[in-house]
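In: Fold the following for me, if possible:
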Amino acid sequence: MAEGHRPPVRGRITIAVTGIALVALGAAVFANPDRTLGLVTALLGWALVLVGACVLVEALLRRREEGSLAPRVVLGCVVAALGLLIALRPALFVTYVVALLGAVVLLTGVADCAEAAALRRMDHPFWRPAAAIGAVTCLMGALVLAAPFALAQWATMVAGACLVADGVTEIVAALNSEG
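Out: Numbering: from 1, shown residues only. Sure thing, here's the model as predicted:
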């Protein structure tokens, strides 16, 4: 390691576990794009139901402190109702989840590019392949974001493939790291 440079923020075990998880998630997404989209969308809906319920409970618990309940009750009901609609009818909202997956892929690509830059500062020989894979991951995330509505199934498969590629780079980085 070059003098004066800090090692990457994440340790070898964290990088390896992240890589294995990304490979598994990416393979599942790639192999079952329709089921993945439906499941992720439904889970998002149930999460919104939970958030809406929490807003309602919090409004009731703080009614003496904050005065009017109306704004929080309306917010809680709207969020919970939207969540219930999404959870029960995920097919209506799947394409929005594809855009979210594209954003996740883009962000993992940006993180990969940052780690490649850290490897370059350490004069590590893997920095070029890491940078190339990070750039491809960014490009794929941007492509998924560019056409999520027309390409839902294809975009999900691309996102899955990118997550697998990102996971492989994480595993390789873990095997080549010093910490």
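
In: can we go C-alpha only for contacts and neighbour counts from here?
Out: OK.

In: Can you report how many residues lie near Asp166?
Out: When neighbours are defined as other CA atoms under 10 Å, Asp166 has 27 of them.

In: separation between it and Arg35?
Out: 22 Å (CA to CA, to the nearest Å).

In: same thing with Gly83?
Out: For Gly83, the distance to Arg35 - CA to CA - is 19 Å.

In: Looking at the two, which one has more neighbours?
Out: Comparing Gly83 with Arg35 by other CA under 10 Å, the one with more neighbours is Gly83, at 25 against 12.

In: Could you pull up the residues touching the more buried one?
Out: 44-49 (CA atoms under 8 Å, 6 or more residues apart in numbering).

In: Now it: closest residue in space, sequence neighbours ignored.
Out: Nearest non-adjacent residue to Gly83, counting by CA to CA, 6 or more residues apart in numbering: Gly45, 4.0 Å away.

In: I'd like to know which elements whichever strand or helix holds that neighbour is packed against.
Out: With secondary structure defined by DSSP states H and E, Gly45 is part of helix 33-61. Other elements packing on helix 33-61 under the criterion 3 or more CA pairs under 8 Å, 6 or more residues apart in numbering; DSSP states H and E are helix 70-88, helix 94-121, helix 152-176.

In: buried set for it?
Out: Buried residues in helix 33-61, counted by 16 or more other CA atoms under 10 Å: 33-34, 36-53, 55-56, 59.

In: now it and helix 94-121, what's the angle there?
Out: 100 degrees (axes from the mean of the first three to the mean of the last three CA atoms, to 10 degrees).

In: what angle do helix 33-61 and helix 70-88 make?
Out: 160 degrees.

In: Pull the contacting residues for Ala135.
Out: 109-110, 113.

In: and with 6 Å instead?
Out: Ala135 makes no contacts at all, as judged by CA atoms under 6 Å, 6 or more residues apart in numbering.

In: what about it, distance to Pro129?
Out: Applying CA to CA to Ala135 and Pro129 gives a distance of 10 Å.

In: same question for stretch 169-179, mean pLDDT?
Out: Averaging pLDDT along stretch 169-179 gives 79.

In: Output that stretch in CSV with nothing but the alpha carbons.
Out: Extracted C-alpha coordinates of stretch 169-179, given in CSV (Å, rounded to 0.1, in the frame of the first residue of the first chain):
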residue,chain,number,x,y,z
THR,A,169,-16.4,-7.6,-8.2
GLU,A,170,-17.0,-7.3,-4.5
ILE,A,171,-15.9,-10.9,-4.0
VAL,A,172,-12.8,-10.3,-6.1
ALA,A,173,-12.1,-7.1,-4.2
ALA,A,174,-12.4,-9.0,-0.9
LEU,A,175,-10.0,-11.7,-2.2
ASN,A,176,-7.5,-9.1,-3.3
SER,A,177,-7.8,-6.8,-0.2
GLU,A,178,-5.3,-6.5,2.6
GLY,A,179,-7.7,-5.8,5.4
